[in-house]
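Peer 1: need coordinates for the below:
(2 chains)
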Amino acid sequence: MILYLLQKYVIHSAVFFAALVIFPLGFSDNTGYVLVRGFFFGGLLGAGYTFYDFRKRNLWPLYDNLRVPKYLLLCLFFAGFQSLYLVIKPFI
Amino acid sequence: MNPSAALILDSIFFSVPQLSILDGAWLKAEAGRVTAIIGRNGSGKSTLMKVAAGQIKAMAGITIIDGERLHGRSLQKRFRNIGYLPQDSMLPPDIKVKRLIKSLPDPEKLMDDPLIQKIRHQKTIQLSGGEKRYLETAILFHLNRKYILLDEPFTGVEPSIIDLLIQKIRKEARSGKGILLTDHMHRYISEVADTGYLLHNRQCYDLGGGFSGELKKMGYHR
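Peer 2: Numbers count the residues shown, from 1 in each chain, chains lettered A, B, ... in the order given. You can find the predicted model right below:
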């Protein structure tokens, strides 16, 4: 179920990331800044939306029953999403 | 069995703006017994279950699990001892039953269940309401918690699956687990429960052991 949560988090964050990066890149010379901002706010909005989506679909009780620490996992996923910038930085 | 082994909800107050739902409700679900909560629609049964499972925070009141007093939501402490079946399905719709079960500890044991074997290659969205309910209940019992809270486990479920659920509930209670359940299917509730509470006027009233007769007198079932 952790993988399921990760899968949803990545999808949501990628959508927010794309929205926050594709349009501003056309108007900015500073690619690094736009990407860092995109990863930060994309990851943050992704975590928030994933939490809201799981609450709306009543999925958190399953995670509570399985004793999966949902807040900790979302924080870890957010941190992991930020580190993706370090991975792509050499190619920019 | 330890005489203090019980889940107690003590003086639970809960309200939403302009509506008081629980007003000092008290109940005790003992280990090894099936305790039922009966009440009309909107009487606060599910709210009481959610408070017990830490899904919502009561305005006041405490939960006592085997003598340990829990204030606030305390999810980690609560779910060490309890399993909670919410009224609406808690299963992700786009996941296969097999994958879901594999994420549990000791999945082979659960896979042996004949009904689960039949549905294991399906996605949860393809399951009928009864199959979903059975799967959720089976998962909870498989997790081996001391207290199981079941919010409407029989609603929308065909009689043959209800019979399976009743057998499971009885078996788990015999093994020393405390079951707290609520449903509108009073015939099945009175069949499976050892004791019960009526939730009326925002308070819990102890109906004792032979509560089937009490329910008939009050017009809850014929």
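Peer 1: what residues does chain A have near chain B?
Peer 2: Counting by CB under 8 Å from any CB of the partner chain, chain A comes close to chain B at A:1-4, A:57-62, A:64-67, A:69. Using the backbone N, CA and C atoms, a C-beta is placed for each residue, glycine as well.
Peer 1: which regions of chain B sit below the pLDDT cut-off?
Peer 2: Residue ranges of chain B with pLDDT under 70: B:1-3, B:209-212, B:220-222.
Peer 1: got a list of what the spatially most central residue of it touches?
Peer 2: With distances taken as CA atoms, centre = their mean, B:Leu150 lies nearest the centre of chain B, 1.5 Å away. Counting by CB atoms under 8 Å, 6 or more residues apart in numbering or on different chains, B:Leu150 touches B:Leu85, B:Thr137, B:Leu140, B:Ile169, B:Ile179, B:Leu180, B:Leu181, B:Thr182, B:Asp183.
Peer 1: doesn't the second one lie inside a strand?
Peer 2: So the one you mean is B:Thr137. No. Membership of B:Thr137 in a strand is not supported by DSSP: H, G, I helix; E, B strand; the rest coil, which gives helix.
Peer 1: count the neighbours of it for me.
Peer 2: B:Thr137 has 23 neighbouring residues, counting by other CB atoms under 10 Å in any protein chain shown.
Peer 1: tell me which other helices or strands the top helix by length along chain B touches.
Peer 2: Longest helix in chain B, counting residues (DSSP state H): helix B:159-174. Other helices and strands packing on helix B:159-174, by 3 or more CB pairs under 8 Å, 6 or more residues apart in numbering or on different chains; DSSP states H and E, are strand B:34-38, helix B:129-142, strand B:178-182, helix B:186-192.
Peer 1: using JSON lines, lay out these together with distance to B:His200.
Peer 2: Shown next, in JSON lines, are the helices and strands packed on helix B:159-174 (distance: least, CB to CB, whole Å):
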{"stretch": "strand B:34-38", "distance to B:His200": "9"}
{"stretch": "helix B:129-142", "distance to B:His200": "27"}
{"stretch": "strand B:178-182", "distance to B:His200": "13"}
{"stretch": "helix B:186-192", "distance to B:His200": "14"}
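Peer 1: need the ones you listed in TSV with distance to chain A, can you?
Peer 2: Compiled in TSV, these are given as follows (distance: least, CB to the nearest CB, whole Å):
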stretch	distance to chain A
strand B:34-38	18
helix B:129-142	7
strand B:178-182	15
helix B:186-192	21
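Peer 1: and these: which comes nearest A:Phe16?
Peer 2: helix B:129-142 (31.4 Å; CB to CB).
Peer 1: ok, B:Ala36 - how many residues close by?
Peer 2: When neighbours are counted by other CB under 10 Å, B:Ala36 registers 26.
Peer 1: residues contacting it?
Peer 2: B:Leu180, B:Leu181, B:Thr182, B:Asp183, B:Ile189, B:Ser190, B:Val192, B:Ala193, B:Thr195, B:Gly196, B:Tyr197, B:Phe211.
Peer 1: can you check B:Ile62 too?
Peer 2: B:Asp10, B:Ser11, B:Arg69, B:Leu70, B:His71.
Peer 1: who touches stretch A:30-45?
Peer 2: Contacts for stretch A:30-45 (CB under 8 Å, 6+ apart): A:12-14, A:16-21, A:24-25, A:28, A:77-78, A:81-82, A:84-85, A:88-89, A:92.
Peer 1: buried stuff in stretch B:177-193?
Peer 2: Of all the residues in stretch B:177-193, those buried under the rule 16 or more other CB atoms under 10 Å in any protein chain shown are B:177-186, B:188-190, B:192-193.
Peer 1: repeat for stretch A:14-23
Peer 2: Those would be A:Phe16, A:Phe17, A:Leu20, A:Val21, for stretch A:14-23 by 16+ other CB under 10 Å.
Peer 1: quick one: average pLDDT of it?
Peer 2: The average pLDDT within stretch A:14-23 is 88.
Peer 1: ok, back up a step: tilt between the longest helix of chain B and helix B:129-142?
Peer 2: Calculated by axes from the mean of the first three to the mean of the last three CA atoms, to 10 degrees, helix B:159-174 forms an angle of 10 degrees with helix B:129-142.
Peer 1: buried ones in helix B:159-174, by neighbour count?
Peer 2: Neighbour counts over helix B:159-174 (16+ other CB under 10 Å) mark B:Ile161, B:Ile162, B:Leu164, B:Leu165, B:Ile166, B:Lys168, B:Ile169, B:Glu172, B:Ala173 as buried.
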